[in-house]
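everything below, folded, please.
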Amino acid sequence: MISAIDTSCQPAFQIARQMKCLVAGIVLASGLVWTPPAVAADVSQLSPGLQAKVDLAARACAEFNDGQFDIAWGAVERVDLDGDLQHDWVLNESGFACSSAASLYCGTGGCMSHFLIEEEVHSLLNQGWTVVDFGLHRVVLANVHGSNCDGINPTPCVSASAWDGQANTWRSSASYWE
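Numbers count the residues shown, from 1 in each chain. I've put the predicted structure just below:
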């Protein structure tokens, strides 16, 4: 007689089910520990310092052949820059657009990113950035123009900067903040 269920495979099914539960638990726990940065284009909640950057960019666009300013999704990011477990603000001009000027906000050096921590806005010309944990510090790594490393644009050049909360400034050995 043929059995409807092959019981010799039952332990393998139980192991597979246990593995699925384990993986689901790990994914759930990692979601509680790690949260991705919030990304938006809504500028209504920006601090006055960052709103001034948006207003200046919009004015510059309007003054250049009566252009129309737009800000893309992702130009505003919320990410913990200083390790206090609070999302700080970043405004990336790479997300700015002007209908009458293709390169009004970015050039060969990249685009300006404006970092807001504790009501302090600091800006860095970069070709992309990310935040990493390094020892006790949150570190902003930025791909910057090769001239910052005594080269030319394609020269590989990266800056690493950590926020000094006591002095309210970025500490970096090789980047130029404004």
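
OK, contacts around R171?
Applying CB atoms under 8 Å, 6 or more residues apart in numbering, one finds that R171 lies in contact with S161, A162, W163, D164. No exception for glycine: its C-beta is placed from N, CA and C like everyone else's.

same question for stretch 55-69, mean pLDDT?
pLDDT averaged over stretch 55-69 equals 96, rounded to a whole number.

list the buried residues for that stretch?
Residues A57, A58, A60, C61, G67, F69 are the ones in stretch 55-69 that count as buried (16 or more other CB atoms under 10 Å).

next: stretch 115-127.
Residues F115, L116, I117, V121, H122, L124, L125, N126, Q127 are the ones in stretch 115-127 that count as buried (16+ other CB under 10 Å).

could you list the low-pLDDT ranges of the protein?
Applying pLDDT under 70 to the chain picks out residues 1-42, 174-177.

where exactly do the helices run in it?
10-33, 48-63 (DSSP state H).

what residues does A75 make contact with?
Listed by CB under 8 Å, 6+ apart, the contact partners of A75 are A41, L91, N92, E93, S94, G95, F96.

quick one: G67 from N143, how far?
28 Å (CB to CB, to the nearest Å).

right, and D82 touches W89 too?
No - contact criterion CB atoms under 8 Å: D82 and W89 do not qualify, at 11.8 Å.

in ChimeraX, select just the buried ones from the contacts of A75.
To isolate the buried ones among those in ChimeraX, judged by 16+ other CB under 10 Å, type:
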select :91,92,93,94,95,96
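
name the nearest of the contacts of A75 relative to Q51.
L91 (9.1 Å; CB to CB).

please name the bridge partners of the residue nearest to the closest one when sequence neighbours are not counted.
Spatially, and ignoring its direct neighbours in sequence, L91 is nearest to H114 (4.3 Å; CB to CB, 6 or more residues apart in numbering). Beta-bridge partners of H114, counted by DSSP bridges, are L91, S123.

make 181 the starting number, not 1.
In the new count, where the first residue is 181, that last one comes out as H294.

so who does H294 touch?
Counting by CB under 8 Å, 6+ apart, H294 touches G229, L230, K233, V270, L271, N272, E273, V301, H302, S303.

one step back: and the contacts of R351, which are buried?
By 16+ other CB under 10 Å, the contacts of R351 give S341, A342, W343 as buried.

surely the first one meets A322?
Think S341. Yes - with contact defined as CB under 8 Å, S341 reaches A322; the gap is 7.3 Å.

and for G289, the neighbour number?
15 (other CB atoms under 10 Å).
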